[in-house]
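Student: the sequence and its predicted three-dimensional model are supplied below.
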Amino acid sequence: MSGFRSTLRSRAAACGGAVVLPEGHDARTLDAAAILHRERLVRPIVLGPGEATRAGLAERGVPEVEVRDPELGSEPLAERLREARSHKGMTIERARSRVSDPLVYGALLVAEGEVDGSVAGADNATASVLRAAFWCVGPDEGIETVSSSFYMIVPDFRGEGEEVLTFTDCAVVEHPTPAQLCDIASAAATARARVVGDTPKVAFLSYSTRGSASGHTIDAVREARALFRERRPEVAADGEFQADAALIPSVGARKAPDSGLAGHANVLVFPDLDAGNIAYKLVQRLGRAGAIGPIVQGLRRPCNDLSRGASVEDIVDVACITVLQALGGSGVAPS
């Protein structure tokens, strides 16, 4: 286990948080719930068919883990959903039906503050997980764009040992506007301070460094950087940067000598989803980096999505990140 993963789990354990796992029918989810409970990392609440889910947890030696069956319904949660979706014509009858969906039930527990966050997606599509989160939780104050980050655990490349880099957005927003790029960067900076516990240093990436090329996509990146500096003046941010100028001190000093951030970035904001998704997969596969994510950011309370190929360890790690997103852990406090 990498140093970051070990630290991540110990910091999450210190928070004493609770996470709902809506996919209790999935064996990986039950295995993860057992680890979370047994190692006292996070208090899991598992959703699923009551008898079968309890039997699965008992087989894993953790019969005491709390189980809830969404099929039994919940009038308070149905009423909460009706209120949240009344502007879309949601009736109490339809709300009662929707609450039987474990994703919706879990997101409503998050919205109500009964748990600190949710983790799903091992057996559900991203669109379904995010839809439940949008309906029940919604975006954080000042954020209109919900997006995602990958936490990339990379080997030493700056003489500072293993590092964690934030890659954003790699999974949600296909063609972000400058305002959306600003939202993405702001949410990523806040999440990094909570999850990694260090000071975010934000680089807006492009194929240009400080005017070395021109084009409408570069203009959009520059505008996003300007918007971000207005919104988050307390967060170090710069760009537009090529990736090497953002990450390598010697290159940054040569290409952007007046920037205090060039060469030292730890949050990389990609100009679009193509660039972000391609970059994280190349770094993961060719650079042998660990990739944790996508971690959903910008919601009022965290509701995270898993890859359907997620391992048990992935679910455990994302549950720990979810608690840190909600409660902050130790380290630099978010603004």
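Tutor: That came through, no problem.

Student: hey, let's count contacts and neighbours off CA atoms from now on
Tutor: Noted.

Student: quick one, what contacts residue 67?
Tutor: 45-48, 50, 53-54 (CA atoms under 8 Å, 6 or more residues apart in numbering).

Student: cool, and residue 168?
Tutor: 147-150, 184-185, 188, 267-270, 276.

Student: what about 6 Å?
Tutor: 149, 269 (CA atoms under 6 Å, 6 or more residues apart in numbering).

Student: gap between it and residue 279?
Tutor: 10 Å (CA to CA, to the nearest Å).

Student: so what's the residue count around residue 146?
Tutor: Counted with other CA atoms under 10 Å, the neighbours of residue 146 add up to 22.

Student: how about it: what's its closest non-neighbour residue?
Tutor: Among residues not flanking residue 146 along the chain, residue 298 sits closest, at 4.8 Å (CA to CA, 6 or more residues apart in numbering).

Student: the one you found reaches residue 187, doesn't it?
Tutor: Yes - contact criterion CA atoms under 6 Å: residue 298 and residue 187 qualify, at 5.2 Å.

Student: shared neighbours of residue 168 and residue 279, anything?
Tutor: Counting by CA under 6 Å, 6+ apart, nothing touches both residue 168 and residue 279.

Student: buried ones in stretch 214-223, by neighbour count?
Tutor: Within stretch 214-223, the residues scored as buried using 16 or more other CA atoms under 10 Å are 217-218, 220-223.

Student: what lies in contact with that stretch?
Tutor: Contacts for stretch 214-223 (CA under 6 Å, 6+ apart): residue 178.

Student: heads up, I number from 118, so please use that
Tutor: Okay, using 118 as the starting number, the last item reads as stretch 331-340.

Student: starting at the chain centroid, how far to that stretch?
Tutor: 26 Å (CA atoms, centre = their mean, to the nearest Å).

Student: now swap in stretch 124-132 and tell me
Tutor: Taking the mean of its C-alpha atoms, stretch 124-132 sits 16 Å from the chain's own mean (CA atoms, centre = their mean).

Student: list the buried residues in that stretch.
Tutor: 125-130, 132.

Student: looking at the residues you listed, which is nearest residue 149?
Tutor: residue 126 (13.0 Å; CA to CA).

Student: C-terminal to the strand or helix carrying the closest one, what's the next element?
Tutor: In this structure, residue 126 sits in helix 120-132 according to DSSP states H and E. Downstream of helix 120-132, the first helix or strand assigned by DSSP H and E is strand 135-138.
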